[in-house]
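S.K.: Quick one, what's the 3D model for this:
(2 chains)
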Amino acid sequence: MIERKEIELIPKEIEAAKSKDTLVRRVRLFGFLFFIVSLLIFGGIFAFRLSLATKLSGLEEDSAQEVAGIAQFAEIEAKVLGLENKSSALTKILAQRDYFSVVLAAVETSRPANLKVTGVTIQKDNVLITINGETASYVTLASFLQNLVDDGKGGKLFTNVILSSVNQNNAKGTAEFVIEATTKKDGLKR
Amino acid sequence: MSTTNSFLNRPEVRTWGPPIVLFVIGILLIVFGTIPSWGKVQDLQSDIVAEQDRIVALKEKSRQLLDFSDQSVEIDKQFTVFDQAISSESQVPELLTQVQKISAACGVKVTTLQFGGEKEKTSGKLQEVRLQYASESSFSRLTCFLSAIEKASRLIEMESLRYSLSVNEDTGAQIITAQSTLLSYYTPTPQLSPDNPLTFSLSDERFLKNIELLKEFKTY
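M.R.: Residues are numbered from 1 along each chain as shown, chains lettered A, B, ... in the order given. Below is the predicted model of the structure:
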């Protein structure tokens, strides 16, 4: 067998120089293209940003015009807002309001003729009502206590009554009493 | 200078310098130009969307206000009615006169009437004002006063009531001495902002119900 061998006519130094030259050209091309692409992307985004800024500025002018238009109606807007606030407040206030006249009516309805109510203490949002009074008869006092929780009389409002103290006033010949009456929950509301 | 020139004239610098410099400039453009600009672009885009939404809302508010201005006579009329119930800040002092008028209407003698009591609520669209009130009357007149307060067009609540009965030893007449904390309300002047939307309507069911309610109240 005869062995075939290619004869290299070009010197190795020239081959190496050629390949280095190709590499240099490729690197130069890549550097240049990278720079151009970076510049184009930057320029494109910058131009897009400018156009958006211009658009935003135009929109801001439009909204400033609308704001100026709204400012012309300031008086009517103040009245409308005031009306809205007052109306919503009215609903809230009336829903939370305690009607103290209901207590006086319930006490008066339950009071026997010969018993004197000398004082009443009522607090908003407090179910406990203090009733002071005096009577010459313990039977009358018992009747008053019964009436306060009687459904046909004070019982429409009061759920429970406690006689918290009774003092005999010998000078007047009367018994002075203090009653703690508990109202129904939201009993003073309408 | 000669050192710099000799460096730049070196063959490897002349060969590799330009592509490396261009590559570095490209990187710098991306890092310091493109990336921050992209962030700004995104901000601008969201600003534009927000501004477009704002314009739509402003146009809607402008249209509503135009409608309300066409109904200004009705708004003025209703405002006067509601202002009697819950006054504006400037009319708070009139509360004293109104309570005196209600007392006089029921024949109740006012012995104390002054602003004070617990501290006022200072937040929100509704503010409170308190009156310390004391009076002398008969029981029936006190009952009349309570009912009148509850039916007065100016909304006045009783926060507390304490009354005691005393007998005049000379005449034998019974006198009810009442002490009460009265609570009333006022609305401060609304703060106008073009960006606050209007949610009110003259045909709102609750508003119409309130108009009917106020008709039952008596003006003092």
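S.K.: Grab the longest helix from chain B for me.
M.R.: Scanning chain B for the longest helix, with DSSP state H as the assignment, gives helix B:35-70.
S.K.: Following it in sequence, what is the next regular element?
M.R.: helix B:72-85 (DSSP states H and E).
S.K.: So for that following helix, what gets flagged as buried?
M.R.: Residues B:Ile75, B:Gln78, B:Phe79, B:Val81, B:Phe82, B:Asp83, B:Gln84, B:Ala85 are the ones in helix B:72-85 that count as buried (16 or more other Cβ atoms under 10 Å in any protein chain shown). From N, CA and C alone the C-beta is placed, and that goes for glycine too.
S.K.: from these, which are also near chain A?
M.R.: By Cβ under 8 Å from any Cβ of the partner chain, the members of these lying near chain A are B:Ile75, B:Gln78, B:Phe79, B:Phe82, B:Asp83, B:Ala85.
S.K.: residue boundaries of the strands in chain B?
M.R.: B:87-88, B:109-115, B:127-137, B:156-167, B:174-187 (DSSP state E).
S.K.: could you dump those to a markdown table with distance to chain A, mean neighbour count and mean pLDDT?
M.R.: Formatted as a markdown table, those follow (distance: least, Cβ to the nearest Cβ, whole Å; neighbours: other Cβ atoms under 10 Å in any protein chain shown; pLDDT from 0 to 100):
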| stretch | distance to chain A | mean neighbour count | mean pLDDT |
| --- | --- | --- | --- |
| strand B:87-88 | 7 | 19 | 92 |
| strand B:109-115 | 17 | 13 | 95 |
| strand B:127-137 | 10 | 19 | 95 |
| strand B:156-167 | 4 | 19 | 93 |
| strand B:174-187 | 5 | 20 | 94 |
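S.K.: so which of the ones you listed gets nearest A:Gly58?
M.R.: strand B:174-187 (39.2 Å; Cβ to Cβ).
S.K.: Just the CA coordinates for that closest one, please, in PDB.
M.R.: Only the C-alpha atoms of strand B:174-187 are listed here, as PDB (Å, rounded to 0.1, in the frame of the first residue of the first chain):
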ATOM      1  CA  GLN B 174     -94.600  71.600  92.600                       C
ATOM      2  CA  ILE B 175     -91.600  72.600  90.600                       C
ATOM      3  CA  ILE B 176     -89.700  70.200  88.300                       C
ATOM      4  CA  THR B 177     -86.000  71.200  88.100                       C
ATOM      5  CA  ALA B 178     -84.500  69.600  85.100                       C
ATOM      6  CA  GLN B 179     -80.800  69.300  84.100                       C
ATOM      7  CA  SER B 180     -79.900  68.000  80.700                       C
ATOM      8  CA  THR B 181     -77.100  67.800  78.200                       C
ATOM      9  CA  LEU B 182     -78.400  68.500  74.800                       C
ATOM     10  CA  LEU B 183     -76.500  67.300  71.700                       C
ATOM     11  CA  SER B 184     -76.800  68.800  68.300                       C
ATOM     12  CA  TYR B 185     -74.900  68.500  65.100                       C
ATOM     13  CA  TYR B 186     -73.500  70.500  62.300                       C
ATOM     14  CA  THR B 187     -71.600  69.800  59.100                       C
END
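S.K.: Residue 61: neighbour count?
M.R.: No chain in the question, so chain A it is. Using other Cβ atoms under 10 Å in any protein chain shown, A:Glu61 has 9 neighbouring residues.
S.K.: that's the other chain; I wanted chain B
M.R.: 21.
S.K.: so what's it up against?
M.R.: Neighbouring residues of B:Lys61 by Cβ atoms under 8 Å, 6 or more residues apart in numbering or on different chains: A:Ile70, B:Pro194, B:Pro197, B:Leu198.
S.K.: so the third one touches B:Ala57, yeah?
M.R.: Read it as B:Pro197. Yes - shown here, B:Pro197 and B:Ala57 form a contact pair, counting by Cβ atoms under 8 Å, at 6.2 Å.
S.K.: Settle it for me: which of the two has more neighbours?
M.R.: Neighbour count, other Cβ under 10 Å: between B:Pro197 and B:Ala57, B:Ala57 has more, with 16 against 12.
S.K.: Could you tell me which ranges of the chain sit under the pLDDT cut-off?
M.R.: In the absence of a named chain, this looks at chain A. A:1-6, A:8 (pLDDT under 70).
S.K.: switch to chain B, that's the one I care about
M.R.: B:1-5, B:117-123.
S.K.: Tell me which residue of it lies closest to chain A.
M.R.: Per Cβ to the nearest Cβ, B:Pro19 is where chain B lies closest to chain A, at 2.9 Å.
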